[in-house]
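1. okay, structure incoming, though there's no sequence with it:
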């Protein structure tokens, strides 16, 4: 399904999906004649994490609650930053280095609001949307990322 | 359930809530990410006293699955798409989500 097809009535595009995110279709979905500024953030899989070579990231969600929280964030951002449209889409499953993890997009009459909104959206997503990532390292082990906690469940991989 | 408040005070030893404690509700706890892997199941079902708190459910989970113990203080619980506080109480069968802090993005 093309992302533009699920542009919500409120002018928001949100979701979690196993399929690769089509960044340009999110961009198109948030564009509007009344918006002179469109800002888009694209989060991708980095090849290093705290000095360790990463081979892939695995994302898991509580899908229903994640969709609900993404919707809520998009609506809150629209209100808070007076956006025209807003997009927030997260990928799930196993992603290789360089693949797109998340896209946050905002359109507004002027650029300041769009910049601020995108930063807020991605910060909030990391805090409240029930999605988790597991880092798979090139040497074969894997670990769930736990922000703010040193304890880690390291598991050897065969 | 709680529709028999008047009998709550007549329990053995005059224990408040003893009538309630005889009724149980079934709580289905869905597990995600590390919690799911530590328990080795997508969900667990608990029979708990009606009216018990989320704190009680956390203790029950830790007793049944000691592997969760180091993580339990940081685990988050949600139902109906809302995060729950430790004082949330359960009066009817309910489905709960249990998961570690978000690490998406």
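-> Arrived safely. Computed from a predicted structure; not experimentally measured.
2. ok, residue B:67 touching residue B:39?
-> Yes - between residue B:67 and residue B:39 there is a contact under CB atoms under 8 Å: 7.1 Å. C-beta: built from backbone N, CA, C; applies to glycine.
3. when these two are compared, which one has more neighbours?
-> residue B:39 (18 against 14; other CB atoms under 10 Å in any protein chain shown).
4. can you pull the contacts of residue A:106?
-> A:30, A:38-39, A:77, A:81, A:83, A:85-87, A:113-114, A:117-118, A:121 (CB atoms under 8 Å, 6 or more residues apart in numbering or on different chains).
5. where's it, which helix or strand?
-> Using DSSP states H and E, the element containing residue A:106 is strand A:100-108.
6. please identify the buried residues of that strand?
-> Across strand A:100-108, burial judged by 16 or more other CB atoms under 10 Å in any protein chain shown covers A:100, A:101, A:102, A:103, A:104, A:105, A:106, A:107, A:108.
7. now the element after it, going C-ward?
-> Using DSSP H and E, the helix or strand that follows strand A:100-108 towards the C-terminus is helix A:111-128.
8. so which bits of chain A are right by chain B?
-> Within reach of chain B by CB under 8 Å from any CB of the partner chain, chain A has these residues: A:43, A:59-62, A:64-66, A:68-69, A:90, A:101-102, A:122, A:125-134, A:144-149, A:151, A:153, A:155.
9. so which of the contacts of residue A:106 comes closest to residue B:63?
-> residue A:121 (39.9 Å; CB to CB).
10. tell me how many other residues surround the closest one.
-> Residue A:121 has 28 neighbouring residues, counting by other CB under 10 Å.
11. mind checking pLDDT for it?
-> We note a pLDDT of 98 for residue A:121 in this prediction.
12. show me what contacts the closest residue to residue A:115 other than its chain neighbours?
-> The shortest distance from residue A:115 to any non-neighbouring residue, by CB to CB, 6 or more residues apart in numbering or on different chains, is to residue A:39 (5.3 Å). Neighbouring residues of residue A:39 by CB under 8 Å, 6+ apart: A:105, A:106, A:107, A:111, A:114, A:115, A:117, A:118.
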